[in-house]
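Participant: I would like to see how this sequence folds:
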Amino acid sequence: MCTTPLGTLRLDFFEPVFFVGVAIRLGLLFVNGESLHRRQG
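Facilitator: This is a model prediction of the structure:
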């Protein structure tokens, strides 16, 4: 594999941001689902 310092830096920077974005989306989906269940119940 040919990895440039720029490429590794990009991965190191974007990986946490990507995971944080996914976690926030999952959290919002979970909260929205819970609120919908509470409204229906």
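
Participant: where exactly do the strands run in the protein?
Facilitator: Counting by DSSP state E, one finds no strands in the chain.

Participant: tell me the helices in it, going along the chain?
Facilitator: Listed in chain order, the helices of the chain (DSSP state H) span 5-40.

Participant: low pLDDT regions in it?
Facilitator: Along the chain, segments meeting pLDDT under 70 span 1-11, 41.

Participant: let's see 50
Facilitator: For the chain, no stretch is flagged by pLDDT under 50.

Participant: Just want the most central residue of it.
Facilitator: If you average the C-alpha coordinates of the chain and look for the closest C-alpha using C-alpha atoms, centre = their mean, you land on Val22, 1.7 Å from that point.

Participant: Against Pro16, how distant is that one?
Facilitator: According to C-beta to C-beta, to the nearest Å, Val22 stands 11 Å off from Pro16. In short, each C-beta sits where N, CA and C put it, glycine included.

Participant: now Ile24
Facilitator: From Ile24 to Pro16 the distance is 12 Å (C-beta to C-beta).

Participant: what does Leu36 give?
Facilitator: Counting by C-beta to C-beta, the separation of Leu36 from Pro16 is 30 Å.

Participant: Ala23 too?
Facilitator: Ala23 sits at a distance of 10 Å from Pro16 (criterion: C-beta to C-beta).

Participant: Likewise for Gly33?
Facilitator: From Gly33 over to Pro16 the distance is 26 Å, taken as C-beta to C-beta.

Participant: And for Phe18, the neighbour number?
Facilitator: 11 (other C-beta atoms under 10 Å).

Participant: I'm done for today, thanks for sticking with me.
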